[in-house]
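Colleague: fold the following and give me the result.
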Amino acid sequence: MKRETDKLKAHNFILHWLPLVLYCLLIFILSSRPLPEQIPDIDYFDKVLHLLAYGVMGILFLRAYATLSFRHKPQLLMALSIASASLYGIGDEIHQYFVPFREADILDGIADILGAAVGVYLYRRWQPGLGGHGDRTAERQRSENR
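Modeller: Numbering: from 1, shown residues only. As a prediction, the model looks like this:
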């Protein structure tokens, strides 16, 4: 029994927590580089990249937190996921302030927060089991079977 529990925990970590840890590490490494890779010279394109990157991070936090004891509280899951990704983004902007040839940008921080919120909202809306359309469909099926 203990072996099965340990196996389940390892599977849970690999599937839900490891992607989050690796993604956070990737963002840290990329933001530690003195000069970012060349990006297209389009107004606010870097803000779109921040929005997308932190949307993904918010989703990864949501998936990881959904394995914890409060997984049946979707509003709490969403709030913690958005807050965690947002704080990571703000921390990353502060980190970049100390990296040569980089700077902290308040608009990047805002894009990080918005990205986390949008990513978590969209994932929750479309992912069954987290209060999205899938839950309403399952609820409808249960009421029809009564």
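Colleague: tell me the centre residue of the protein?
Modeller: When Cα atoms, centre = their mean is applied to the chain, the residue found nearest the centroid is G58 (1.8 Å).
Colleague: verify the contact between that one and A79 for me.
Modeller: No: between G58 and A79 there is no contact under Cβ atoms under 8 Å: 11.0 Å. Glycine gets a C-beta too; all of them are placed from N, C-alpha and C.
Colleague: other SSEs contacting the helix or strand that contains K9?
Modeller: Per DSSP states H and E, K9 falls inside helix 2-12. If you count contacts as 3 or more Cβ pairs under 8 Å, 6 or more residues apart in numbering; DSSP states H and E, helix 2-12 packs onto no helix or strand.
Colleague: in the helix or strand following that helix, which residues are buried?
Modeller: Next along the chain after helix 2-12, taking DSSP H and E as the criterion, comes helix 18-32. Within helix 18-32, the residues that count as buried by 16 or more other Cβ atoms under 10 Å are L20, Y23, C24, I27, S31.
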